[in-house]
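J.: let me see the structure of the following:
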Amino acid sequence: MAIVTHLDEILRQRGMTAKELCQKVGITEANLSILRSGKAKGIRFHTINRICYYLQCDVGDILKFDGNLDEEDCDV
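T.: Coordinates of the predicted model:
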């Protein structure tokens, strides 16, 4: 996957559980789990905005580009 998530690290640094974040952001634990595992195919800007707000972080703190092209999803 070309985009790597660092949500677990940020959650740990903030002393927040995934369940607490889900409740604040308004997403299911299953959807957050998919995002945390790196298996998500996409995420809404609205959701990223809320995650960053409640974790008091920047998008670049939770999502990183690994330098590779993900050939699987090249249908822009």
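J.: show me where this structure has helices.
T.: With DSSP state H as the criterion, the chain has helices at 7-14, 18-25, 29-37, 45-55, 59-62.
J.: among the ones you listed, which is nearest residue 70?
T.: When the helices of the chain are compared by Cβ to Cβ, helix 29-37 sits nearest residue 70, at 15.1 Å. Placement of C-beta: from N, CA and C, glycine included.
J.: contacts for the closest one, please.
T.: 5, 7-8, 18-19, 21-22, 25, 40, 43 (Cβ atoms under 8 Å, 6 or more residues apart in numbering).
J.: rewinding a little: reformat the helices of the chain as TSV; add mean neighbour count.
T.: Written out in TSV, the entries for the helices of the chain read as follows (neighbours: other Cβ atoms under 10 Å):
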stretch	mean neighbour count
helix 7-14	15
helix 18-25	15
helix 29-37	15
helix 45-55	15
helix 59-62	14
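J.: pick out the lowest-pLDDT one from the contacts of helix 29-37.
T.: Within the contacts of helix 29-37, the minimum per-residue pLDDT falls on residue 40 (91).
J.: just to revisit the earlier point, how about the helices of the chain in TSV, adding distance to residue 70?
T.: Rendered in TSV, the data for the helices of the chain read as follows (distance: least, Cβ to Cβ, whole Å):
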stretch	distance to residue 70
helix 7-14	19
helix 18-25	24
helix 29-37	15
helix 45-55	18
helix 59-62	18
